[in-house]
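Trainee: Turn this into a structure:
(4 chains)
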Protein chains: 2
Amino acid sequence: MTYPNPPTIAVWTSLVSVNRVLLEEVENALKEESLPPLSWYDALLEIEKAGESGIRPYELKERLLLPQYGTSRLLERIAKAGLLNRGDVEDDGRGQVITLTPKGRDIRQAMWPVYAAVLTQSIEQNLSQTEAVELARLLEKLRHS
Amino acid sequence: MTYPNPPTIAVWTSLVSVNRVLLEEVENALKEESLPPLSWYDALLEIEKAGESGIRPYELKERLLLPQYGTSRLLERIAKAGLLNRGDVEDDGRGQVITLTPKGRDIRQAMWPVYAAVLTQSIEQNLSQTEAVELARLLEKLRHS
DNA sequence: CTTAAGTAAATGCAGTTGCATCTACATGGG
DNA sequence: CCCATGTAGATGCAACTGCATTTACTTAAG
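Mentor: Below you'll find the model as predicted:
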């Protein structure tokens, strides 16, 4: 077994710390505006994209890369806030179908500008568009391991 | 306010998901070997680097980018496992100095190969060294926002 | 010396996550 | 139909995190 070479370690450490910093900035910005946390945004967006027909929790879990119990509880909290509806599934008594309520749509839309502002600020101010494309390309190569 | 352009969004989404996937791989590998979580590794390493003279919790918190209470509790857990010593500070009765115990050093060393193997696997298998250097460079540009 | 303001670290409490398990329903074989 | 196996989702419990506050000490100013 050989150990990672220096560029590998540099990738890892910068990845972890950039992620931590940006995530924190986004969360803080949302809190400032008394909006829900980022995890809600992702879920609300996926549910919204699913439209009228809704989405099943097990699909959501795959798209959000969350564990099953994490998805279950996230949905529980979002539901308690009245941002989504749970419907029964015709041909599978175990399942449910999630759709957004109007309030859910509104909140998601209210979150976006806040979220977007942080991304624009912290990414576009530090990278040219060419660099951003390159960065995204390299990250994508890593993702599919 | 203008919204992020597509490369910005691509950077963000790939950053978040790569981070999540790699982090999970590392944590799982450590668990497999019944080793402590990654957060312990970072702390143990910083304490080890501080050597004989030790490190103060407030310094650790800055290096690890952790909140004060997070650091306090992380140290508490690591101490309970017997991996570190807390000493009094000569000229400041509020403070403490943290040093590693031999067991702490051993555990840190035992974690490294497991940790390193995941990094090597998941990064070096997907990026050439040139690409890794470039990726680290771009991430570093983002970090200093 | 006394008091006010500041810093190091700990902690109570509520909310979240991880792990394992459980409940409810589905599906395929006898 | 009955049972074994599988899948969707929920949940009890312990550990962890975030937030606000507290405790203990230090420092500077009068």
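
Trainee: where's residue A:135, which helix or strand?
Mentor: In this assignment (DSSP states H and E), residue A:135 forms part of helix A:129-143.

Trainee: and that helix, anywhere near chain B?
Mentor: Yes. Residues of helix A:129-143 contacting chain B under Cβ under 8 Å from any Cβ of the partner chain: A:129, A:131-136, A:138-143. Quick note: C-beta positions are derived from backbone N, CA and C, even for glycine.

Trainee: cool, stretch A:44-53 as well?
Mentor: No. Judged by Cβ under 8 Å from any Cβ, stretch A:44-53 stays clear of chain B, getting no closer than 11.1 Å.

Trainee: chain center to that stretch: distance?
Mentor: Stretch A:44-53 sits 14 Å away from the centroid of its parent chain (Cα atoms, centre = their mean, to the nearest Å).

Trainee: Any buried residues in it, and which?
Mentor: A:44-48, A:50 (16 or more other Cβ atoms under 10 Å in any protein chain shown).

Trainee: Give me the contact list for stretch A:11-18.
Mentor: A:4, B:15, B:18-19, B:22-23, B:65, B:119, B:123, B:127, B:132, B:135-136, B:139-140, B:142-143 (Cβ atoms under 8 Å, 6 or more residues apart in numbering or on different chains).

Trainee: Is there a quick PyMOL command that grabs whichever of these are buried?
Mentor: With 16+ other Cβ under 10 Å as the burial test, the buried ones among these are selected in PyMOL as follows:
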select buried, (chain A and resi 4) or (chain B and resi 15+18+19+22+119+123+127+132+135+136+139+142+143)
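
Trainee: hmm, back to that, just the residues of helix A:129-143 next to chain B: which has the poorest pLDDT?
Mentor: Scanning the residues of helix A:129-143 next to chain B for pLDDT, the low point is residue A:143. It has 88.

Trainee: Between helix B:6-32 and the helix ranked longest in chain A, find me the angle.
Mentor: With secondary structure taken from DSSP state H, chain A has its longest helix at helix A:6-32. Angle between the axes of helix A:6-32 and helix B:6-32 is 110 degrees (criterion: axes from the mean of the first three to the mean of the last three Cα atoms, to 10 degrees).

Trainee: Present the residues of helix A:129-143 next to chain B as JSON lines; the columns should include distance to residue B:70.
Mentor: Formatted as JSON lines, the residues of helix A:129-143 next to chain B follow (distance: Cβ to Cβ, whole Å):
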{"residue": "A:129", "distance to residue B:70": "36"}
{"residue": "A:131", "distance to residue B:70": "33"}
{"residue": "A:132", "distance to residue B:70": "31"}
{"residue": "A:133", "distance to residue B:70": "35"}
{"residue": "A:134", "distance to residue B:70": "34"}
{"residue": "A:135", "distance to residue B:70": "29"}
{"residue": "A:136", "distance to residue B:70": "31"}
{"residue": "A:138", "distance to residue B:70": "30"}
{"residue": "A:139", "distance to residue B:70": "27"}
{"residue": "A:140", "distance to residue B:70": "31"}
{"residue": "A:141", "distance to residue B:70": "32"}
{"residue": "A:142", "distance to residue B:70": "27"}
{"residue": "A:143", "distance to residue B:70": "28"}
